[in-house]
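Peer 1: Structure of the sequence below:
(2 chains)
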There are 2 protein chains.
Amino acid sequence: MTEPTPLRRPRADQARLVADIVRHQIHAGGYPDGLPAESELAAEFLVSRNAVRQALAVLKAEGLIDREPKVGTRVAVRKYDHGLNHLVGLKETFKDYGEIRNEVRAAMTVSAPPSVAARLAVAPGEPVVFIERLRYLGDLPLSLDMTYLARDIGDAVLEHSLEHNDVFALIELVTGQRLGGADVAVEAVSADPHSAAILQVPQSASLLLLERLAHLDDGRPVDLEYIRLRGDRITLRSNLIRGE
Amino acid sequence: MTEPTPLRRPRADQARLVADIVRHQIHAGGYPDGLPAESELAAEFLVSRNAVRQALAVLKAEGLIDREPKVGTRVAVRKYDHGLNHLVGLKETFKDYGEIRNEVRAAMTVSAPPSVAARLAVAPGEPVVFIERLRYLGDLPLSLDMTYLARDIGDAVLEHSLEHNDVFALIELVTGQRLGGADVAVEAVSADPHSAAILQVPQSASLLLLERLAHLDDGRPVDLEYIRLRGDRITLRSNLIRGE
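Peer 2: Numbers count the residues shown, from 1 in each chain, chains lettered A, B, ... in the order given. I've put the predicted structure just below:
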């Protein structure tokens, strides 16, 4: 085994490297008793204490850790995994963590804007069902979801409780069909002031924004969603296979 | 067909809804000749002109559109798709868009911090190869990648040009093995000042942060990467299948 050599890089580069690894350790459930002292982290990563301090400042700014004199550095938030390989509702995903409760902010029939109509394969202006939900895990707002449903399915879905059910489960209930899958686009955006207030995050906090079009087993597109997930609370996880 | 009815919701909610749909239209290559006038968008979405104005202000703040009196509103940036179903390098992904050029910011042997060692299944403190690259599409910085490679593979990779090759391709070249797949975690984070300067984005701009552990066909983990992608330039796309 070679003698460890200090990392010879500018401090800001050292700090980024430390922050990234510690961040993922935190998400993996590491440091239940608090983070190691600055000097220990410096020794672990073979970087300067100043670099460690800068890394911890980044994680503090992200809201991931709290730092207090004497008490030390502890993990401030727990982050939740949301799988990207399978089409699973939030209630199903979080069944081991706690109860998902949906605050229904809107549930109405609207005329489909042309772009929504095109995705749902209906005529522009045709009525579709629009649902907006703020989704909580316990008292924590996690996700703001806007959903457009094909009308026949949406009307039937609205006869059930939206507070305690995933829309996916209701679609399968009312159609008697299994959902087949979905196309998803994932983006990182800064929260606009209104969305930030609803999700209880600082203005300009980073959000994961998903556009997701789910279709029935027979291929019919039925459910178009725009989903804002709190970046400080959710990690998306996926297994990739090698291919062209 | 029912008579279209105006959307009766608070203005900020109307604006979010319009912004989300227009954002994805832009990413899908819509509006090559500029966005429709405010009045047309208001009619399309059955919302007030004030709501349209607020939606366009959000998209302008994200840097997606430019608005100028008389000239109108045009798409300011082109966004690029990066697939999440398959393990594909950036050069392979963008082969139809242009040349990916890598600025190598670091290429060195470092002692593996315990957490990196654990992921790569080597002993803590063992030497691993560390590579940091800033990746450009033409003149546009898209991605800042930090890579840890198992030493035997890393040493062989360093004998090849990192400027014009994906690390994935080099790993397959030097091992004579195909990569099997990877585990990926996706997060949205705000850019720290130093990363923002390198990627040429405003401070606190939203980034997609990927942690990706790739393994060879025989299951051996060989390549641990921390990848920052510009949120204003990259959309991750995935197809999900229904499952537990």
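Peer 1: Okay, now the unreliable bits of chain A?
Peer 2: Within chain A, the segments meeting pLDDT under 70 span A:1-5, A:243-244.
Peer 1: near chain B at all, the longest helix seen in chain A?
Peer 2: Scanning chain A for the longest helix, with DSSP state H as the assignment, gives helix A:11-27. Yes. Using Cβ under 8 Å from any Cβ of the partner chain, a contact is recorded between helix A:11-27 and chain B, made by A:12-13, A:15-17, A:19-21, A:23-25, A:27. Backbone N, C-alpha and C define where each C-beta goes, glycine included.
Peer 1: Check which helices and strands the helix or strand that that helix is followed by sits against.
Peer 2: Counting by DSSP states H and E, the next helix or strand C-terminal to helix A:11-27 is helix A:38-45. In this structure, helix A:38-45 makes packing contacts with helix A:11-27, helix A:49-61, judged by 3 or more Cβ pairs under 8 Å, 6 or more residues apart in numbering or on different chains; DSSP states H and E.
Peer 1: The nearest residue to A:V174 once chain neighbours are set aside in helix, strand or coil?
Peer 2: Nearest residue to A:V174, sequence neighbours excluded (Cβ to Cβ, 6 or more residues apart in numbering or on different chains): A:A156, at 3.8 Å. Under DSSP: H, G, I helix; E, B strand; the rest coil, A:A156 falls in the helix class.
Peer 1: A:S39: neighbour count?
Peer 2: 10 (other Cβ atoms under 10 Å in any protein chain shown).
Peer 1: Pretty sure it sits against A:R49.
Peer 2: Yes. Proximity of A:S39 to A:R49 meets the contact threshold set by Cβ atoms under 8 Å, at 6.4 Å.
Peer 1: Who is A:H82 paired with across the strands?
Peer 2: Bridge pairing for A:H82 (DSSP bridges) gives the partners A:L236.
Peer 1: Does it touch A:L229 like I think?
Peer 2: Yes. Judged on Cβ under 8 Å, A:H82 makes contact with A:L229 at a distance of 7.1 Å.
Peer 1: overlap in contacts of these two?
Peer 2: Counting by Cβ atoms under 8 Å, 6 or more residues apart in numbering or on different chains, the residues touching both A:H82 and A:L229 are A:L236.
Peer 1: sorry, back to before: let's have the helices and strands packed on helix A:38-45 in JSON lines, adding mean neighbour count.
Peer 2: Putting those into JSON lines (neighbours: other Cβ atoms under 10 Å in any protein chain shown) gives the following:
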{"stretch": "helix A:11-27", "mean neighbour count": "22"}
{"stretch": "helix A:49-61", "mean neighbour count": "20"}
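Peer 1: of all those, which lies closest to A:T147?
Peer 2: In terms of Cβ to Cβ, the element of the helices and strands packed on helix A:38-45 nearest to A:T147 is helix A:11-27, at 27.8 Å.
Peer 1: ok, residues contacting the closest one?
Peer 2: So helix A:11-27 is contacted by A:7, A:9, A:31, A:35, A:41, A:45, A:47-48, A:50-52, A:54-56, A:58-59, A:62, A:64-65, A:75, A:79, A:81, A:235, B:105-106, B:113, B:115-116, B:132, B:146, B:185, B:187, B:192, B:194-195, B:209, B:211, B:226 (Cβ under 8 Å, 6+ apart).
Peer 1: tell me the contacts of A:L240?
Peer 2: B:84-87, B:181-184, B:212 are the contacts of A:L240 under Cβ under 8 Å, 6+ apart.
Peer 1: Now it. Nearest residue, chain neighbours left out?
Peer 2: In space, A:L240 is closest to B:L87, 4.3 Å off (Cβ to Cβ, 6+ apart).
Peer 1: go on, A:L84?
Peer 2: A:S238 (3.8 Å).
Peer 1: was I right about that neighbour contacting B:V186?
Peer 2: Yes. Taking Cβ under 8 Å as the definition, A:S238 is a contact partner of B:V186 at 7.1 Å.
Peer 1: Dump the residues of helix A:11-27 next to chain B into JSON lines; add distance to A:G176 as well.
Peer 2: Shown next, in JSON lines, are those (distance: Cβ to Cβ, whole Å):
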{"residue": "A:A12", "distance to A:G176": "57"}
{"residue": "A:D13", "distance to A:G176": "57"}
{"residue": "A:A15", "distance to A:G176": "55"}
{"residue": "A:R16", "distance to A:G176": "51"}
{"residue": "A:L17", "distance to A:G176": "52"}
{"residue": "A:A19", "distance to A:G176": "49"}
{"residue": "A:D20", "distance to A:G176": "47"}
{"residue": "A:I21", "distance to A:G176": "48"}
{"residue": "A:R23", "distance to A:G176": "44"}
{"residue": "A:H24", "distance to A:G176": "42"}
{"residue": "A:Q25", "distance to A:G176": "45"}
{"residue": "A:H27", "distance to A:G176": "38"}
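Peer 1: Show me which of the residues you listed is closest to B:T93.
Peer 2: Of the residues of helix A:11-27 next to chain B, the one sitting nearest to B:T93 (Cβ to Cβ) turns out to be A:D20, at 21.8 Å.
Peer 1: gap between the closest one and B:T175?
Peer 2: 25 Å (Cβ to Cβ, to the nearest Å).
Peer 1: Likewise for A:K60?
Peer 2: Applying Cβ to Cβ to A:K60 and B:T175 gives a distance of 40 Å.
Peer 1: With A:P193 instead?
Peer 2: A:P193 is 50 Å from B:T175, by Cβ to Cβ.
Peer 1: Looking at these two, which is more packed in?
Peer 2: Neighbours per residue, other Cβ under 10 Å: of A:P193 and B:T175, the larger number sits with B:T175, 19 against 12.
Peer 1: pretty sure that one is touching B:L216, no?
Peer 2: Yes. B:T175 lies in contact with B:L216 (Cβ under 8 Å); the separation is 6.4 Å.
Peer 1: list residues touching both of those two?
Peer 2: Common neighbours of B:T175 and B:L216 (Cβ under 8 Å, 6+ apart) are B:V222.
Peer 1: what domains does the record give for chain A?
Peer 2: A:11-75, A:80-237 (automatic domain parsing).
Peer 1: can I get the ones you listed in TSV with distance to B:T93?
Peer 2: Formatted as TSV, these follow (distance: least, Cβ to Cβ, whole Å):
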stretch	distance to B:T93
domain A:11-75	22
domain A:80-237	15
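Peer 1: Let me know how buried A:V128 is, in neighbour terms.
Peer 2: Per other Cβ under 10 Å, the neighbour tally for A:V128 reads 22.
Peer 1: ok and the helix or strand that it is a member of relative to helix B:11-27, angle-wise?
Peer 2: Per DSSP H and E, A:V128 falls inside strand A:127-137. Relative orientation of strand A:127-137 and helix B:11-27, computed by axes from the mean of the first three to the mean of the last three Cα atoms, to 10 degrees: 100 degrees.
Peer 1: and strand A:127-137, what other elements does it pack with?
Peer 2: Applying 3+ Cβ pairs under 8 Å, 6+ apart, we find strand A:127-137 packed against strand A:100-111, helix A:114-120, strand A:140-149, helix A:151-157.
Peer 1: Pick the most buried one from these.
Peer 2: strand A:140-149 (a mean of 22; mean count of other Cβ atoms under 10 Å in any protein chain shown).
Peer 1: Pretty sure A:S206 sits against A:S190.
Peer 2: Yes. With contact taken as Cβ under 8 Å, A:S206 and A:S190 are classed as touching, separated by 6.3 Å.
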